[in-house]
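[1] Got a predicted structure here, sequence first:
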Amino acid sequence: MKLHQLVIKDVVRRKRRIFYSALGVVVGTMTVVAILTMAAAGEARIYNQVDKYGANLTVVPAISNVDMKIGDLSLGILAVGENYISDDKLMKVRQITESKIRESTCASAKAEDTALSPKLYINTTVRGISATVVGIEPVEESRIKTWWKVRQGEYLTDANQAVAGAIAANSLKLNVGDAITLNKTDVVIAGILDETGSNDDYQIFVPITTLQKEFGKDGLISSVDIRAPCSACPVEYIVDDINQGISGVRAVSVKQIAESETGIVKRMERFMLALAGITLAVGSFGVASTMMSSVHQRIKDIGIMRAVGASRGQIITAFIYEAFIVGVLGGIIGYLAGTLLAYAIGPVIFAGANVTFLPQYLPLSFLLAITVSTIAAVYPAYSATKIKVADSFRSL
């Protein structure tokens, strides 16, 4: 009988011991696979949200916070900079954006297809309740927010009209045709938007010129959203040119925001993987302990192997074979258990995340499980080679 056949026969005969050996490896690989699968789902959700809901970049006033101190005594934080962007800077933003898109290698991109939507935010009172009213360019805003759907009524077509977000309409008890007062002018609710799951649900939208006029903000805006006409457009270069070429504003790529959020996810992932590594280490001690117990239980068998001429290398190889089988079982079960765990708790940790089956982690699961079980088997295998034929007779 060949050595590997002998090992397989012994494994079948000692199924419970093999299961206990594999259990620690299963827990470790399960944890690793679950963490990686959930992290991938979380990152995918962030980028999907960016692609679906975000402009490519946003331009805001360049406001910085200065920590005011006298000696070691802090006097608080002082915001330095203008709170608004002037219309003349808006023109420069458009020129830089369109120029960079014309220079890009994206053949399908046309500079005139760029959507550039200025906004003006005003906190005011509507029907005795504090509310945020947003001034927008109706056409440009609809080009950027292609997911907007009017649930009731119609979209903005007149300067004295407004559309309300779903939650704002519900809180303020607004219906299509109702009039609300902004400063001293009445505007009519032309439509109510479908719920989007964003801040838009809490806001009321009116043409920006109306809001500028009523609140004395002529020529001023709060921010600018820009959506390039193609995914390959050089958004990062546009951001750099705006930040370097226009004073008083700060451009931020939505991709940078997404990368910042995924950076947090990755830090959490690394922390959890460190814990999983500890779990794998504990699992390896479990494998080693079970195999050491196996060595003591099999003194007679090992002694007989030595008596019939088995070398130290063959005995070590037999234990390595057994560890390999433990690793394979631990890898398969750990991968399946980790994937199921990710499906169970992934949507709880990352709300709305779509956890998917990721076969690329199966080889990793095998590698981890086999490596841990093999390393754990080295000392028990070495101990088995120290058993003498005489020891096996004394164990009878």
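    Right, received. Where do you want to start?

[2] what is the mean pLDDT for stretch 220-239?
    For stretch 220-239, mean pLDDT is 79.

[3] buried ones in it?
    Within stretch 220-239, the residues scored as buried using 16 or more other C-beta atoms under 10 Å are 220-229, 233-235, 238-239. Backbone N, C-alpha and C define where each C-beta goes, glycine included.

[4] Which of those fall in strands?
    220, 221, 223, 224, 225, 226, 227 (DSSP state E).

[5] related to what we said a few turns ago, relative to residue 152, which of the buried residues of stretch 220-239 is nearest.
    Among these, residue 225 lies closest to residue 152 (C-beta to C-beta), at 25.1 Å.

[6] Could you double-check that the closest one sits in contact with residue 117?
    Yes - look at residue 225 against residue 117 with C-beta atoms under 8 Å: they come within range, at 4.8 Å.

[7] now the end-to-end length of stretch 130-149.
    Distance across stretch 130-149, first residue to last, is 25 Å (C-alpha to C-alpha, to the nearest Å).

[8] can you list contacts of that stretch?
    Identification of contacts with stretch 130-149 by C-beta atoms under 8 Å, 6 or more residues apart in numbering yields 52-53, 55, 115-126, 155-157, 162, 168, 172, 182, 193-194, 196, 200, 202-212, 221, 225, 227.

[9] among those residues, which are in strands?
    Residues of those located in strands (DSSP E): 115-126, 162, 182, 193, 203-207, 221, 225, 227.

[10] Can you tell me which of those residues are buried?
    115-120, 122, 124, 126, 162, 182, 193, 203-207, 221, 225, 227.

[11] In the stretch 51-200 of the chain, what residue spans correspond to strands?
    Here the stretch 51-200 of the chain has its strands, by DSSP state E, counting those that start in this stretch, at 57-61, 64-70, 73-80, 85-86, 115-126, 129-136, 150-153, 161-164, 179-182, 185-193.

[12] can you list those strands in CSV and add distance to residue 320?
    Shown next, in CSV, are the strands of the stretch 51-200 of the chain (distance: least, C-beta to C-beta, whole Å):
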stretch, distance to residue 320
strand 57-61, 56
strand 64-70, 61
strand 73-80, 63
strand 85-86, 69
strand 115-126, 63
strand 129-136, 67
strand 150-153, 66
strand 161-164, 70
strand 179-182, 78
strand 185-193, 65
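
[13] Is residue 247 part of a helix or strand, or is it coil?
    Secondary structure assignment for residue 247 (DSSP: H, G, I helix; E, B strand; the rest coil): coil.

[14] Any idea how many residues pack against it?
    8 (other C-beta atoms under 10 Å).
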